[in-house]
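Participant: Next one to model:
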Amino acid sequence: MTDSPAVDSPIYVTRPILPPLAEVMPYLEQIWSSRILSNGGPMLKRFEAELAAWMGVEHLSIQCNASISLVVALRHYGITGEVITSPFSFVATSHAIRWAGAEPVFADIQAGSMGLDPAAVEARITPRTQAIMAVHCYGIPCDTEGLADVARRHGLRLIYDAAHAFGVRVDGKPLVAEGDLSVLSFHATKVFNSFEGGAIVAPDLETKLALDRMGNYGIVDELTVTETGLNAKISELHAAMGLALLPHMDDALAARAAVAARYREGLAGVAGLDCLCPARDGHNSYAFPIRVGADYPLDRDGLYDRLRQDQIFARRYFYPLISDMPMYRDLASAAPQDLPVARDVADHILCLPIYPDLDPADQARIIGIIQRPVA
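Facilitator: Numbers count the residues shown, from 1 in each chain. Below is the predicted model of the structure:
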């Protein structure tokens, strides 16, 4: 792990974790020796195998990032119609739908999970609907049973944007095993990173190999191209970074859980604040979202500004809603009155800094300001 910052340094909402440099060097030496830099080399194959074993899944296709992986997932199923999705997410979720040649349709979310509301999803289904793309926001599981029921009854594909859900388990089972496909992100801001990267968890080997082909231009062999694929490959260098970090993930997740526990203890009983990060085994503490309500001395934006005065950079994830952005706000499904829960959450949410090596003294400073924001 990297050293903690000085107390007077800026505190950002997250901070990438890195393996010890000495543990990275043997992987680099292997790459330099082989001169295999990409195209599914030995480092990638090893990364896929070790990552799948760690996660408790059988098949996954590692790719260059989660956004491209979402596109690949949709194209794998030939989705070109409507995809019902959440307005409360990072904009990449809806962008990927458009890049795949489909059209996003927004449905409201549940207040508790902040994931898609199955009833709201069902109300949006039309003859053009082909898929549901749900988001495990902050690693908090969606209503997977409810969404699976809707998808099954209407013959829809169910794809999860699980960018936040690395390592999350429900009743001992990996959350990313839900749905037809689940997409993970290994971006630097995520719980686990390979600098850049992503993966699609597949239900069987045939699907995994098809996703691999789609992410490699549709190439089967040097003479055969079977589909209009794209370049979603990850380099051997990125695979090496993932391999070097993976042995540290159990400790990293435990450290994140400890940071979250300190927040819950320090903010318990603060009028007008609700801590939304679940305190249960199997969660990854990807983020620490709080809801700033009417009984708090400041509104959400006021607390955001107050923390920035002390160089504490919390984030309003996810505000504004995707449905309010200029490329989507003219969609019929973006009408504000039809997304009341998502709008309410977006207007009151604030994500506090959280990462494994957040200095306890820095965290105590954050908690102290939130406890007494007004002199």
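Participant: all contacts plus neighbour counts: C-alpha atoms, from now on.
Facilitator: OK.
Participant: Run through who's touching the longest strand along the chain.
Facilitator: With DSSP state E setting the assignment, residue counts place strand 129-135 as the longest strand in the chain. Outside of strand 129-135, the residues within contact range by C-alpha atoms under 8 Å, 6 or more residues apart in numbering are 79-86, 89, 115-116, 142, 151, 155-162.
Participant: Can you go through the residues you listed and name the buried ones?
Facilitator: 79-86, 89, 115-116, 142, 151, 156-162 (16 or more other C-alpha atoms under 10 Å).
Participant: Restricted to helices, list those residues.
Facilitator: residue 151 (DSSP state H).
Participant: Now intersect the buried ones among the contacts of strand 129-135 with the strands, please.
Facilitator: Per DSSP E, the buried ones among the contacts of strand 129-135 map to strands at 82-85, 157-161.
Participant: now those residues as JSON lines including distance to residue 305?
Facilitator: Compiled in JSON lines, those are given as follows (distance: C-alpha to C-alpha, whole Å):
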{"residue": "82", "distance to residue 305": "39"}
{"residue": "83", "distance to residue 305": "36"}
{"residue": "84", "distance to residue 305": "34"}
{"residue": "85", "distance to residue 305": "31"}
{"residue": "157", "distance to residue 305": "42"}
{"residue": "158", "distance to residue 305": "39"}
{"residue": "159", "distance to residue 305": "36"}
{"residue": "160", "distance to residue 305": "33"}
{"residue": "161", "distance to residue 305": "30"}
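Participant: Return the closest of those residues with respect to residue 371.
Facilitator: Closest approach to residue 371 among those (C-alpha to C-alpha): residue 161, at 34.2 Å.
Participant: is it true that the closest one touches residue 178?
Facilitator: No - with contact defined as C-alpha atoms under 8 Å, residue 161 and residue 178 do not form a contacting pair (10.9 Å).
Participant: pLDDT weak spots in this structure?
Facilitator: 1-8 (pLDDT under 70).
Participant: Please state the offset of the longest helix anywhere in it from the chain centre?
Facilitator: Of all the elements of type helix in the chain, the one with the most residues (DSSP H) is helix 249-267. What separates the centre of helix 249-267 from the centre of its chain is 18 Å, taken as C-alpha atoms, centre = their mean, to the nearest Å.
Participant: same for the next helix or strand after it, what does it pack against?
Facilitator: Using DSSP states H and E, the next helix or strand after helix 249-267 towards the C-terminus is strand 273-275. Helices and strands touching strand 273-275, as assessed by 3 or more C-alpha pairs under 8 Å, 6 or more residues apart in numbering; DSSP states H and E, comprise helix 249-267, strand 288-292.
Participant: Mind putting these into JSON lines with distance to residue 59?
Facilitator: Converted to JSON lines, these look like this (distance: least, C-alpha to C-alpha, whole Å):
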{"stretch": "helix 249-267", "distance to residue 59": "20"}
{"stretch": "strand 288-292", "distance to residue 59": "30"}
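Participant: tell me the most buried of those?
Facilitator: Each of these was scored by mean neighbour count; the highest is strand 288-292, a mean of 23, by mean count of other C-alpha atoms under 10 Å.
Participant: So what touches it?
Facilitator: Taking C-alpha under 8 Å, 6+ apart as the rule, strand 288-292 contacts 260, 272-277, 299-300, 345, 348-354.
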